[in-house]
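Novice: quick check, what structure comes out for this input:
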Amino acid sequence: MSTRGRQGPFTLAVCAEMVFRELPVAERVRRITELDFQVEIWDWTRHDIGMLAALREEGAVYSSMTGYVRGGLTDPAGADELLTTAAESVAVARRLGIPRLNLHGTGLDGDGLPVVPATEVTGAMWLAAHRTLGRIARLGQEHGVTFVLENLNTAVDHPGVPFGRAEDCLALVESVGSEHLRLMLDLYHAQIGEGNLIELCRRALPWIGEIQVADVPGRREPGTGEINYPAVARALADMGFSGTIGLEGWASGDGTAALRAFRDAFTVEPAVRGTGITTIPSV
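Specialist: Numbers count the residues shown, from 1 in each chain. Prediction:
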């Protein structure tokens, strides 16, 4: 099992779509790997899969990617298309050694907007989404991968996306109850839509497949906005989270400096215990 990206209790990954954007994708992957992070990608159809696979020989480890190309959760035709393109995505994921495939409440266009926006989410849509995600979980079980349902904010980046709130995604994941369907808990989106991040993490902990982060506002690296990510990191460690945390944010300036800030925010030093008093070393 690879130790790439291991930082204390967490494994750290970086989205290659959002940093070092002046470089070709292969060089982004190399740079992220050289800095000892795992790599996340989005839509695999936009990449040279042979090239990405070859980079594994250079030490690249891929953490997650988009797990579908078209389709949606709530209508029969969209659900069938979602399953078809999810199966295609599984084949690519297995070639790249990717364990987690990301889903959203509906298909998104190139600007992150819903292909089929929803002004209201009905009870029938909830039931249909539950059935579709059950089928997705069975596909994941069949092929030994995990699908993760990501929360998205509708106030700034993704207006009209159904099941956007973390609580909504969590409810769907819980209702299916499969090891092969988990929550992609995006704390950037959750801060905009819901807040109370540490308690949200605690509530979702048994169902989290991965956590994604960026600061608010601006969707940049930790330390550029209002979220106290070192406090979030300490809380996650204290509650026993030991999974993957991915930076899905734009670099505010130099990409290498942004990745270092991300690592610093999620470097959790062990508590120093004295005579009845516990202190945390400064970082």
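
Novice: give me the nearest residue to residue 198, chain neighbours excluded.
Specialist: Excluding its sequence neighbours, the residue lying closest to residue 198 (C-beta to C-beta, 6 or more residues apart in numbering) is residue 235, at 4.5 Å. Any C-beta I mention is one placed from the backbone N, CA and C, and that applies to glycine too.

Novice: look at that neighbour and report its pLDDT.
Specialist: Note for residue 235: predicted pLDDT of 98.

Novice: is it true that it touches residue 201?
Specialist: Yes. With contact defined as C-beta atoms under 8 Å, residue 235 reaches residue 201; the gap is 6.8 Å.

Novice: okay, the two: which has more neighbours?
Specialist: residue 201 (20 against 17; other C-beta atoms under 10 Å).

Novice: just give the nearest non-adjacent residue to the more buried one, would you?
Specialist: In this structure, residue 201 finds its nearest non-sequential neighbour in residue 236, 6.0 Å apart by C-beta to C-beta, 6+ apart.

Novice: which of the helices or strands spans that neighbour?
Specialist: helix 229-238 (DSSP states H and E).

Novice: who does that helix touch, helix- and strand-wise?
Specialist: Helix 229-238 sits against strand 10-15, helix 197-204, strand 208-213, helix 255-265, with contacts defined as 3 or more C-beta pairs under 8 Å, 6 or more residues apart in numbering; DSSP states H and E.

Novice: packing partners of the longest one?
Specialist: Under the contact criterion of 3+ C-beta pairs under 8 Å, 6+ apart, the helices and strands touching helix 255-265 comprise strand 10-15, helix 25-34, helix 229-238, strand 244-247.

Novice: for residue 111, which of the ones you listed is the nearest?
Specialist: Set against residue 111 and scored by C-beta to C-beta, the helices and strands packed on helix 255-265 come closest in strand 10-15, at 16.9 Å.

Novice: tell me the mean pLDDT for the closest one?
Specialist: On average, the pLDDT along strand 10-15 is 98.

Novice: so what strands line up beside that strand?
Specialist: Next to strand 10-15 in the sheet, as set by DSSP bridges, lie strand 6-7 (antiparallel), strand 38-40 (parallel), strand 244-247 (parallel).
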